[in-house]
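Trainee: no sequence on this one, just coordinates:
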DNA sequence: TCAAAAGTGTTTGCTATACACCCATGA
DNA sequence: TCATGGGTGTATAGCAAACACTTTTGA
């Protein structure tokens, strides 16, 4: 960032290290992810994952967290290391090792930051992505696979939920993620049996029909592994 | 390695990148892993995972493969990226990001290379490890967790098998890994139902009892995911 | 009173587990 | 013929999947 004339020298060549974050959310009844339009070369004007260079005295996780905060203004999102991408030639400037993370956000929590470093930031449906810079298409594929795999054996999807929600909303969330209808009675039995939902006592009145009970997660931070 | 007076300079500080490999095998009826005694500082004389610095024009996977070959003399082992460890201060010399891999070897395939770069190399039972350099104890913990998790939903354990084997040997392998006895009939039904074993036609005569049928994997490379 | 979504149990098939005896061999 | 490990089937319980009607509300 600072272009002082200082340089940093080593006895043998060092790669640069970055973190890139695949931030998923559900909005508009679709799985979407956050992309940034690049302001400068390489790939100026193209869309890319939010990310950037690791500070030399900064932990990897913290770097990913920071990138996420810079783009979204939100902290405390679910964030997990995904995979490290390091093929030679993946960045035309120099050798770059990218430690990729994936993150999940409840949709309404995020109001994208205007302006900032990145020229532009926007949500894209996973099914309709623009052309991407670097090997970011591959990183996204890997992240999506991981997300889908984890649906089966963890409660990770609950990280998409707002503070409070109804069982119908939870079910709809899962239907979007697995892209298939789910049986209502089986789903509700499963969800309640997890023992992680508690009723708020409120009722959600929406239209001319029976109101829905409102739930919250008993431990918002916790992602449990099933079976 | 070459201590020419050349230096490599950058406009901002770069961390070093290494790969470290957790190589498991089964031998002596125990899960064991390969450690190297460090020849030089830091941690000279202490045991550590095999690993080393990434060459600037070398792919990450290739780097891990190379380290493995250098230590064991064997190539073509099962090798998978595990996790990237990058806490500040994990190496006292400079900032080092380590991309850890885990690898599995059939026991008899490995004759450790004498001498070489590393002062010494040896197998240690997971249950009886020496003090370890850097954060390698944590890396090993992570690798072991991953191995155990994968037993449940993949055929990864087959990578521990020699070219040919009997069902009793396969069962014994699993019993060691899960550290519990397994029902013989259920196990054999499960193993054969996978459709990945083929009889060689040979019989294994060992002692004064009925000889065992000998099997091989129908596709040695393939690790399948169950369910 | 009607339309619309919320809420609720039971039956059925499948998969995982428990369990005990005969077989083939070498000594 | 005996000791040793190799090889085989069936019954049962627990879980996942299929399936339809009643309740509550606002208009």
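Mentor: Nice, thanks for sending it over. All figures in this text were calculated on a predicted structure; none of them were measured in a lab. Numbering: from 1, shown residues only, chains lettered A, B, ... in the order given.
Trainee: report the buried residues of the lengthiest strand in chain A.
Mentor: Counting by DSSP state E, the longest strand found in chain A is strand A:16-27. Within strand A:16-27, the residues that qualify as buried are A:16, A:17, A:18, A:19, A:20, A:21, A:22, A:23, A:24, A:25, A:26, counting by 16 or more other Cβ atoms under 10 Å in any protein chain shown. Just so you know, the C-beta spots here come from the backbone N, C-alpha and C atoms, and that holds for glycine as well.
Trainee: go on, stretch A:121-141?
Mentor: Neighbour counts over stretch A:121-141 (16+ other Cβ under 10 Å) mark A:121, A:123, A:124, A:126, A:132, A:133, A:134, A:135, A:136, A:139, A:140 as buried.
Trainee: check stretch A:181-195 too.
Mentor: For stretch A:181-195, burial by neighbour count (16+ other Cβ under 10 Å) applies to A:187, A:191.
Trainee: how far out from the middle of the chain is that stretch?
Mentor: How far stretch A:181-195 lies from its chain's middle: 25 Å, per Cα atoms, centre = their mean, to the nearest Å.
Trainee: that one - what's its average pLDDT?
Mentor: For stretch A:181-195, mean pLDDT is 96.
Trainee: close to DNA strand C, is that stretch?
Mentor: Yes - on the criterion Cβ under 7 Å from any atom of the strand, stretch A:181-195 is in touch with DNA strand C at A:184, A:185, A:186, A:188, A:189.
Trainee: could you double-check that residue A:226 sits in contact with residue A:151?
Mentor: No - under the criterion of Cβ atoms under 8 Å, residue A:226 makes no contact with residue A:151, lying 10.2 Å away.
Trainee: neighbour count: those two, which is higher?
Mentor: When neighbours are counted by other Cβ atoms under 10 Å in any protein chain shown, residue A:151 comes out ahead of the other of residue A:226 and residue A:151, with 14 against 9.
Trainee: check whether the helix or strand harbouring the more buried one comes near DNA strand C.
Mentor: Following DSSP states H and E, one finds residue A:151 within helix A:136-153. No - counting by Cβ under 7 Å from any atom of the strand, DNA strand C is not contacted by helix A:136-153; separation bottoms out at 13.8 Å.
Trainee: wait, a helix at residue A:134?
Mentor: No - secondary structure of residue A:134 (DSSP: H, G, I helix; E, B strand; the rest coil): coil, not part of a helix.
Trainee: in contact with the residue nearest to it when sequence neighbours are not counted, which residues are there?
Mentor: Sequence neighbours aside, residue A:90 is the residue nearest to residue A:134 in space, at 5.8 Å (criterion: Cβ to Cβ, 6 or more residues apart in numbering or on different chains). Residue A:90 makes contacts with A:96, A:98, A:134, A:135, as judged by Cβ atoms under 8 Å, 6 or more residues apart in numbering or on different chains.
Trainee: can you name the residues of chain A sitting close to DNA strand D?
Mentor: Applying Cβ under 7 Å from any atom of the strand, we find that chain A lies next to DNA strand D at A:183, A:184, A:185, A:186, A:205, A:207, A:208, A:209, A:210, A:211, A:227.
Trainee: which residues of chain A fall in helices?
Mentor: Using DSSP state H, the helices found in chain A span residues A:60-72, A:136-153, A:167-178, A:184-193.
Trainee: make TSV out of the ones you listed and add distance to residue A:104.
Mentor: Output for these, formatted as TSV (distance: least, Cβ to Cβ, whole Å):
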stretch	distance to residue A:104
helix A:60-72	11
helix A:136-153	8
helix A:167-178	11
helix A:184-193	18
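Trainee: mind showing which ranges of chain A have poor pLDDT?
Mentor: Low-confidence segments of chain A (pLDDT under 70): A:1-5, A:109, A:111-119.
Trainee: residues in it within reach of DNA strand C, list them.
Mentor: Within chain A, the positions lying close to DNA strand C (Cβ under 7 Å from any atom of the strand) are A:166-168, A:184-186, A:188-189, A:207-213.
Trainee: go through those and name the one nearest chain B.
Mentor: Distance to chain B across the residues of chain A next to DNA strand C (Cβ to the nearest Cβ) is lowest for residue A:186, with 18.3 Å.
Trainee: any idea how far that closest one is from residue A:192?
Mentor: 11 Å (Cβ to Cβ, to the nearest Å).
Trainee: now do the shared contacts for the two.
Mentor: Counting by Cβ under 8 Å, 6+ apart, no residue touches both residue A:186 and residue A:192.
Trainee: domain assignment for chain A?
Mentor: A:16-150, A:156-222 (automatic domain parsing).
Trainee: most tightly packed of those domains?
Mentor: Most buried of the domains of chain A, by mean neighbour count (mean count of other Cβ atoms under 10 Å in any protein chain shown): domain A:16-150, with a mean of 18.
Trainee: returning to that earlier point: can you add distance to chain B and give the buried residues of strand A:16-27 back as a markdown table?
Mentor: As requested, those are exported to a markdown table (distance: Cβ to the nearest Cβ, whole Å):
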| residue | distance to chain B |
| --- | --- |
| A:16 | 6 |
| A:17 | 5 |
| A:18 | 11 |
| A:19 | 9 |
| A:20 | 13 |
| A:21 | 14 |
| A:22 | 16 |
| A:23 | 19 |
| A:24 | 21 |
| A:25 | 25 |
| A:26 | 26 |
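Trainee: what is the nearest of those to residue A:85?
Mentor: Comparing the buried residues of strand A:16-27 against residue A:85 with Cβ to Cβ places residue A:20 closest, at 8.0 Å.
Trainee: I'd say that closest one and residue A:60 touch.
Mentor: No - counting by Cβ under 8 Å, residue A:20 does not reach residue A:60; the two are 11.6 Å apart.
Trainee: what touches both of those two?
Mentor: Contact criterion Cβ under 8 Å, 6+ apart; residues shared by residue A:20 and residue A:60: residue A:99.
Trainee: just to revisit the earlier point, in a markdown table, list the helices of chain A along with distance to chain B.
Mentor: Listed next are the helices of chain A as a markdown table, based on distance: least, Cβ to the nearest Cβ, whole Å:
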| stretch | distance to chain B |
| --- | --- |
| helix A:60-72 | 4 |
| helix A:136-153 | 8 |
| helix A:167-178 | 15 |
| helix A:184-193 | 17 |
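Trainee: out of these, nearest to residue B:144?
Mentor: Smallest distance to residue B:144 across the helices of chain A (Cβ to Cβ): 18.6 Å, for helix A:136-153.
Trainee: give me the distance from that closest one to the chain's centre.
Mentor: Computed by Cα atoms, centre = their mean, the separation of helix A:136-153 from the middle of its chain amounts to 11 Å.
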